[in-house]
Every structure is written in C-alpha cells, then in structure tokens.
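Peer 1: Next one to model:
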Amino acid sequence: MSHPQSYEILLVPGFAGDTTEAAEPGGAIRSAVVSATGETGASGYPRYSGEGVVADIDPATHSVEALLVDGAELAFGLTARIEERDAGTDADR
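Peer 2: Sure thing, here's the model as predicted:
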C-alpha cells in the first residue's frame, strides 16, 4: 500500500471528542507541512516530520496516532486535523 508523502497538520482549539466539523479557514492556531520520513513510529504507523512537528499517521484512516510539537506533546485543549498534500490535489481529511 502506498502512503501519502506529505500532510498539512492543523492544530485547532477543541477536544478530541469534538469532531462535528472540520476546522474553518483561519481557525488553526498553527499549521505545519510534514513529509514522510520512511520510518515507522513507536505507534506502528508511518512517521512524518517537518516545521517542528513529528507525527505518526494512520494512512488508512488519516488519524494522527502520535504527535510532538516542538518536542512536546500536544497541549490540552488542542486537536490535530490533517489535510493530505499529494501532488496537484488537496483533500480535507
């Protein structure tokens, strides 16, 4: 199975249980484009990194399974959302 080579990770205010809507434009307090490292993270999923963010992402569900922002775990009250960044197309996830 081929994995996406990059994603844009959006950090938005909200809690993990709050999945009613995707982040609105301008709603993210930080974003980072992460690229595949070719490694597998401790979670067992492919690892992506870039712009101070390291994430293990399940390519089947597009779920962020592990995340470090500037070397620290995600702050309480923030949620990570991703957008696939394949050549020529972007699809909200």
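Peer 1: which regions of the chain sit below the pLDDT cut-off?
Peer 2: Scanning the chain for pLDDT under 70 picks out the ranges 1, 15-26, 86-93.
Peer 1: please redo it, this time with the cut-off set to 80
Peer 2: 1-2, 14-26, 85-93 (pLDDT under 80).
Peer 1: Can you verify my assumption that D70 contacts G52?
Peer 2: Yes - judged on C-beta atoms under 8 Å, D70 makes contact with G52 at a distance of 4.7 Å. Yep, even glycine has a C-beta here, placed from its N, CA and C like the rest.
Peer 1: So for those two, which sits in the more crowded spot?
Peer 2: Higher neighbour count among D70 and G52: G52, with 12 against 9, using other C-beta atoms under 10 Å.
Peer 1: How much space separates the more buried one from S2?
Peer 2: 27 Å (C-beta to C-beta, to the nearest Å).
Peer 1: G77 too?
Peer 2: 35 Å.
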